[in-house]
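In: all I have is the shape, not the residue letters:
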């Protein structure tokens with residue numbers, strides 16, 4: 001881009017080189033919050049001024065951005081290549097390894113099932129394990145059933161049968 005300098009003579013041409021702060025390619029950044037105007041605040045490597053309000057692509061909702069966790073990675077473009085004029089292009093999915101690490105640290109939420117007295121079916125690919133304290137019942141794909149506990153009781157008001165190709169006690 002060429003521009004004439006007002007102080008230069010007519011034969012002299014001043015060449016303006018792009019500033020090193022121009023951002024002509026997309027950058028990764030982080031969402032840092034929301035501005036008072038409801039715009040997302042973003043920060044990125046090489047940002048000379050700290051978090052900056054970003055414009056959002058048409059069709060994208062800024063309301064859902066309020067629910068996005070702070071420090072979520074975002075893809076940014078810059079209007080005119082200026083770092084003070086970011087445009088939020090979208091949110092990046094978390095890296096799988098990081099997601100697994102977070103899931104491993106997060107405690108599993110208990111699952112409660114209510115049954116109306118009818119039949120319930122639990123199905124597992126390889127095995128189903130019911131755990132409670134020191135007791136467990138394991139159902140395996142190969143047909144094996146393992147019952148473990150500190151004391152195991154079996155009650156019957158009628159005949160109690162134990163069937164198998166062989167029965168071992170102790």
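Out: It's in. The model shown is predicted, which means the values in this text are computed figures rather than measured ones.

In: now the lengthiest strand in the chain: how far from the chain's centre is it?
Out: Criterion DSSP state E: the longest strand present in the chain is strand 27-34. On the basis of C-alpha atoms, centre = their mean, to the nearest Å, strand 27-34 is displaced by 15 Å from the centre of the chain it belongs to.

In: averaged pLDDT, that strand. What do you get?
Out: Per-residue pLDDT values over strand 27-34 give a mean of 91.

In: just the helices from the protein, written as ranges.
Out: Assigned by DSSP state H, the helices in the chain fall at 96-105.

In: domains of it?
Out: What the TED database lists as the domains of the chain is 27-91, 112-148.

In: which residues touch the longest strand of the chain?
Out: With C-beta atoms under 8 Å, 6 or more residues apart in numbering as the test, strand 27-34 has contacts from 40-47, 51, 62, 65-66, 68-78, 86, 91-92. Quick note: C-beta positions are derived from backbone N, CA and C, even for glycine.

In: okay, buried residues for it please.
Out: Buried positions in strand 27-34, judged by neighbour count with 16 or more other C-beta atoms under 10 Å: 27, 29-32, 34.

In: so what are the sheet partners of it and their directions?
Out: strand 40-44 (antiparallel), strand 73-78 (antiparallel) (DSSP bridges).

In: what's the spacing between the residue nearest in space to the middle of the chain and residue 51?
Out: Centroid-nearest residue in the chain, with C-alpha atoms, centre = their mean: residue 94, separated by 4.8 Å. Distance of residue 94 to residue 51, computed by C-beta to C-beta, to the nearest Å: 21 Å.

In: quick one on the thing from earlier: among the strands paired with strand 27-34, which is nearest residue 118?
Out: Smallest distance to residue 118 across those (C-beta to C-beta): 47.2 Å, for strand 73-78.

In: pull out the buried residues from that closest one.
Out: Within strand 73-78, the residues scored as buried using 16+ other C-beta under 10 Å are 74, 76-78.

In: quick one: low-confidence ranges for this protein?
Out: The chain contains residues with pLDDT under 70 at 1-22, 59-63, 95-114.
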